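**Student:** requesting a structural model of the entry that follows:
(2 chains)
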Amino acid sequence: MWRRICTINSFLVLFGFAGAGLAYDVIEVETGATITGKVAFTGTLPHTPRRFEVLNGPEICGAERVLTKLEVHDGMVKGVVIALEGVERGKPFPSYRETATGRGRGVFNYAGGTALNLGVRLETCSFGPFTGVIRADETVQFINHDPIKHTLHTYSLKGHKAKILRTMHTQSLRAQGQTQKVFPAKKLRRASAVVLTCDRHDFMENWLYMVKNPYYAISDESGSFEIGHVPPGTYDLVAWHPVLGMQKQRVTVTPDGRLPVDFGFMK
Amino acid sequence: MNGVLTPVKPGIIFALFFFCMAWTGTQGVHAALLDGLLDDVEESLAEGLTQKGEKLTTGNFYTDDKPNSHAPIGMMGDHTHEAGEVMFSYRLMHMFMKGNRYGTDRLTTADVTRPGQPVPSGYLIAPESMRMRMHMFGFMYGLNDTVTLTLMVPYLSNSMDHVTRMGGKFTTRSEGFGDIRFGSLWRLWAVEAPSIGAHRFHFNLSLSVPTGSIEPTDRTPLGPNSRLPYPMHLGSGTFDFYPGITYGGEMGHASWGIQAIGTLRAGTNSNDFSKGDAYTINAFGAYEVIENTLSSSIRLSWNHWEAYDGMDPAIRTNHPMNGMRIVQTAFPDLLGGQRLDILFGVNVLFPDFMGLENRLAMEGGFPVYQYLDGQLETDSVVTFGWQAVY
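**Tutor:** Residues are numbered from 1 along each chain as shown, chains lettered A, B, ... in the order given. Modelled structure (predicted):
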């Protein structure tokens, strides 16, 4: 057993954090194209909002919280991650903030630049919007702005049919505490997404899709998305949602072109 | 099996133990040890769960905020902690022993002191009863996603009542710190899903250092400052190694667990003896009676301990004048035995207070079977405890 532990650790130290998976170069994109579209849903909603009575820190979180995993407005889906796969060089990662809607005010802060640089600001018992993105081998900073303890528990979604949630980290985050976590590509293996949860608050659940480049968007309340400055070429365009699953389309973009692509989920 | 570690230098074990701890802390192992090695098993489990619309969760060692997510208070090393989490605990354990037993037969003090008889009789003095009170101050810290470190500092207070062949009575006492125990819990594997519950396995690995006295003295018929026999000692005098494995499960309001722990003595102490190796198997079941507040438990605890090796030359076995055997507790070869206890417990979980998750618990029980090589038999064991997680 000791030998195995030593071997695993030596391997991690020597190779694990060497920056594998960061193969994206930022360059000037002069004739970039734009992909726009909408994500629609038809059928019976596979998820209804779930209510939780708050036992730990109701004075901060509220006495009752609701976890809404799927938002559909007039047949259009909010929170679907649209990601272009196979782009190895192009525009820099964007810099922006996304704040949760509803009772929780958690924020995903993407510093951008040559990397995604995600920071998670926990506030009012919330990590941030229900969906977001994450990149392997990057350090993610978690800051707890609540005056109560949260127990951060991250999972990767693995398995042939994404049916296994595998623990990545656990960390006690005391009031006003912070921590940094790396999500190594070697540990993520075939994972498509990372889940953030708090073991003390079951309603705190957020899903981050694994991206390798800045060519992604998250659909808004009208189901619309737009990805700009795409270098001309042929790529796979993925639409992913934790409840609805994944769809993929092969797309070809031309210099300065505008490509409409819609996705439709059915249940 | 007694003394399986005897050929190993205690210093080597001690150095290895701390090397592993330090190395783990600096290198940062961040997963259960079997993580990634049981993919096929997990895939197979997940396949079945998919048909029920469930996902399989692996590596989740977090114990829910339920009173029975901790084992009965008398069982130690039952759960691990999340990285950065700290737990302080205090336990007070009372063990009460009365009457003598040889094998499974009870002996009266008259049986023990009957003159001119072979073992188990023929002693000048018979122990009548013993009370052991142990205060245990504990600390646990989640070092990372693999290792939880533990520390336990015991403080013991023993007293033993005796009766002489002539009918005289006297009591001896010993008190002080016992052997300080440094430990670690290594997460092995965990799976859970709503329909199969949670199943968690971890390794227990601890080491005690000989800080407890093996030379307690008190007034006895042999003199005012006589060295007391072995059961009154506060420590073992040796570095002791405690390897073990623990399984815990939860589903709905129920929880259960099994733990097997060994106590292996490394070498012989400075007084030329070593306590016998010991083995314990615990199995418990618990049920949450009042949601998020109160649970009750039942536990079976099997204990097997070997007789001592060697003997302390300063503990007299035979009277200097007439050569008669003095008291059975002075004979190290009579200190082995086996015992099966049944214990009933209650755990109470309080709402968070100043960021602390507080628990109070009590467990008490008695042996349903004991086989002793000629010693005082156990009548009851009661443990009270407080745990605070920060």
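
**Student:** for the stretch 151-267 of chain A, what spans make up the helices?
**Tutor:** A:185-188 (DSSP state H, counting those that start in this stretch).

**Student:** residues from it in reach of chain B?
**Tutor:** Contact residues, the stretch 151-267 of chain A versus chain B (C-beta under 8 Å from any C-beta of the partner chain): A:151, A:153, A:155, A:159-161, A:163-175, A:179, A:187, A:199-200. Yep, even glycine has a C-beta here, placed from its N, CA and C like the rest.

**Student:** how about the residue in the stretch 151-267 of chain A positioned nearest to chain B, nearest residue that isn't a chain neighbour?
**Tutor:** Distances between the stretch 151-267 of chain A and chain B by C-beta to the nearest C-beta are smallest at A:Thr167, namely 2.9 Å. Nearest residue to A:Thr167 in three dimensions, chain neighbours excluded: B:Gly59, at 2.9 Å (C-beta to C-beta, 6 or more residues apart in numbering or on different chains).

**Student:** just A:Tyr96 next, same as before
**Tutor:** A:Tyr110 (5.6 Å).

**Student:** right, and the one you found touches A:Pro92 too?
**Tutor:** No: the criterion here is C-beta atoms under 8 Å, and A:Tyr110 misses it with A:Pro92 at 11.2 Å.

**Student:** between those two, which has more neighbouring residues?
**Tutor:** The neighbour comparison of A:Tyr110 against A:Pro92 (other C-beta atoms under 10 Å in any protein chain shown) goes to A:Tyr110, with 21 against 16.

**Student:** what residues does the more buried one make contact with?
**Tutor:** Taking C-beta atoms under 8 Å, 6 or more residues apart in numbering or on different chains, we find A:Tyr110 in contact with A:93-98, A:116-119, A:133.

**Student:** tell me what the residue nearest to A:Tyr96 is bridged to.
**Tutor:** Here A:Tyr110 sits in beta bridges with A:Tyr96, A:Leu118, as judged by DSSP bridges.

**Student:** pLDDT wise, what is it at?
**Tutor:** Confidence at A:Tyr110, expressed as pLDDT, is 95.

**Student:** residue contacts, residue 242?
**Tutor:** You didn't say which chain, so I picked chain A. Contacts of A:Pro242 (C-beta under 8 Å, 6+ apart): A:69, A:130-131, A:193, A:195, A:207.

**Student:** that was the other one, I meant chain B.
**Tutor:** Neighbouring residues of B:Tyr242 by C-beta under 8 Å, 6+ apart: B:181, B:183, B:204-208, B:261-264.

**Student:** for B:Arg114, same thing?
**Tutor:** Neighbours of B:Arg114 in contact, by C-beta under 8 Å, 6+ apart: B:121-122.

**Student:** 6 Å instead, please
**Tutor:** B:Ser121 (C-beta atoms under 6 Å, 6 or more residues apart in numbering or on different chains).

**Student:** do the same with B:Val191
**Tutor:** B:58, B:199 are the contacts of B:Val191 under C-beta under 6 Å, 6+ apart.

**Student:** tell me which element it is part of?
**Tutor:** strand B:180-193 (DSSP states H and E).
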